[in-house]
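>>> kindly generate the corresponding structure for this input.
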Amino acid sequence: AVTAPPDEAGRVFEGWAAEYRFDRAVVVVTPQAGRPPPLVRYLEAHPDRWREVARGKGAAVFARVGP
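Residues are numbered from 1 along each chain as shown. Presented below is the predicted three-dimensional model:
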């Protein structure tokens, strides 16, 4: 999922979230080839599902939105 395109990374990530029932995620945000990693792009593109709640130099914390 780490190197997959954003939509594919998102499907894998959402599957993990459903299976393991987590509502917070720490993800690496270090740019790859000048762009954020695919999973970060997916999460940022879906503010109806996930919102960023904290960011450091190399990672960010995203929280599930809603139930």
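>>> from now on I want contacts and neighbour counts done on CA atoms only, so please keep to that.
Noted.
>>> output stretch 18-37 as CSV, restricted to C-alpha atoms.
Written as CSV, here are the backbone C-alpha positions of stretch 18-37 (Å, rounded to 0.1, in the frame of the first residue of the first chain):
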residue,chain,number,x,y,z
ALA,A,18,-12.2,-1.9,9.2
GLU,A,19,-10.5,-5.1,10.1
TYR,A,20,-8.5,-3.7,13.0
ARG,A,21,-11.0,-1.1,14.0
PHE,A,22,-8.6,1.8,14.4
ASP,A,23,-9.7,5.5,14.3
ARG,A,24,-6.3,7.1,14.4
ALA,A,25,-3.3,6.5,12.1
VAL,A,26,0.3,7.7,12.2
VAL,A,27,1.6,8.0,8.6
VAL,A,28,5.0,9.0,7.1
VAL,A,29,4.7,12.3,5.3
THR,A,30,8.3,12.6,4.0
PRO,A,31,7.9,13.5,0.3
GLN,A,32,8.8,10.9,-2.4
ALA,A,33,10.1,12.5,-5.6
GLY,A,34,8.8,15.9,-4.5
ARG,A,35,5.2,14.7,-3.7
PRO,A,36,3.6,13.4,-0.5
PRO,A,37,3.3,9.6,-0.2
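>>> for that stretch, list every residue counted as buried.
Neighbour-count burial for stretch 18-37 flags 24-25, 27-29, 37 (criterion: 16 or more other C-alpha atoms under 10 Å).
>>> do stretch 6-22 as well
For stretch 6-22, a neighbour-count test (16+ other C-alpha under 10 Å) marks 6-10, 12-13 as buried.
>>> quick one on the thing from earlier: return the subset of the buried residues of stretch 18-37 lying in strands.
Counted as lying in strands by DSSP state E, out of these, are 24-25, 27-28.
>>> many thanks, we can stop here.
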